[in-house]
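Participant: No sequence on hand, only this structure:
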């Protein structure tokens, strides 16, 4: 029987994959947005996705303090999409969907290694379904779904914010993660 484990990446590899430099990683640790590490930092696919989402939002003018709660659910959706690809695994699997589900369930029970944050309870239903898009409208309002038209339409509801949104293509982010990181899962006997 084989066991699937996520591959770990160094801080330098995380920089190459996410664009978040080791200097910025240290700054975010010092400011409490990432947990301190003893020894060398090591990042798995969920951590990389967290960092990438935080970096994308920071590039859009949203600081890590504001993006913390929402980005974890988006990061899990990114990894869920990435694990659908055979390229995510070191070897070809007979039933990669079963392995994907096992990994997602296992890691949804743990806090992010570098953020210490759990997947929000109301987002667990999205882990396996993994919506295609996400829109962030501010600390109080964010949406994920499979249609940009529906997500944009929900913004026009009474009480919806009038501020600009940041749109994220979750499937595209998963494709980028695989392209930049390569394999995400190793199998051990």
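Facilitator: Alright, I've got the coordinates. As the structure is a computational prediction, the values presented were derived from the model and not from experiment. Numbering: from 1, shown residues only.

Participant: which residues touch the residue lying closest to residue 183 once chain neighbours are set aside?
Facilitator: With sequence-adjacent residues excluded and distances taken as C-beta to C-beta, 6 or more residues apart in numbering, residue 183 is closest to residue 90, at 4.8 Å. Every C-beta, even on glycine, is put in place using the N, C-alpha and C of the backbone. Residue 90 makes contact with 7, 183, 185-187 under the criterion C-beta atoms under 8 Å, 6 or more residues apart in numbering.

Participant: Out of the residues you listed, who's the most crowded?
Facilitator: Taking other C-beta atoms under 10 Å as the neighbour criterion, residue 185 ranks highest of the contacts of residue 90 with 21 neighbours.

Participant: was I right about it contacting residue 99?
Facilitator: Yes: Residue 185 is within contact range of residue 99, at 7.1 Å (criterion: C-beta atoms under 8 Å).

Participant: Show me whatever sits in contact with both of these two.
Facilitator: 4, 83, 89.

Participant: distance of residue 67 from residue 92?
Facilitator: Plainly put, residue 67 is 36 Å away from residue 92 if you go by C-beta to C-beta, to the nearest Å.

Participant: Comparing these two, which residue is more hemmed in?
Facilitator: residue 67 (24 against 7).

Participant: Secondary structure element holding the more buried one?
Facilitator: helix 64-82 (DSSP states H and E).

Participant: Give me the buried positions along that helix.
Facilitator: For helix 64-82, the neighbour count (16 or more other C-beta atoms under 10 Å) marks 64, 66-68, 70-82 as buried.

Participant: Return the distance of stretch 66-77 from the chain's centre.
Facilitator: Relative to its chain's centre, stretch 66-77 lies at 7 Å (C-alpha atoms, centre = their mean, to the nearest Å).

Participant: In space, what's closest to the residue most central in space within the chain - neighbours in sequence excluded?
Facilitator: Among the residues of the chain, the one closest to the centroid is residue 75, at 1.6 Å (C-alpha atoms, centre = their mean). Using C-beta to C-beta, 6+ apart and skipping residues adjacent in sequence, the residue nearest residue 75 is residue 49, 3.5 Å away.

Participant: wait, doesn't the one you found sit right on residue 178?
Facilitator: No: between residue 49 and residue 178 there is no contact under C-beta under 8 Å: 11.3 Å.
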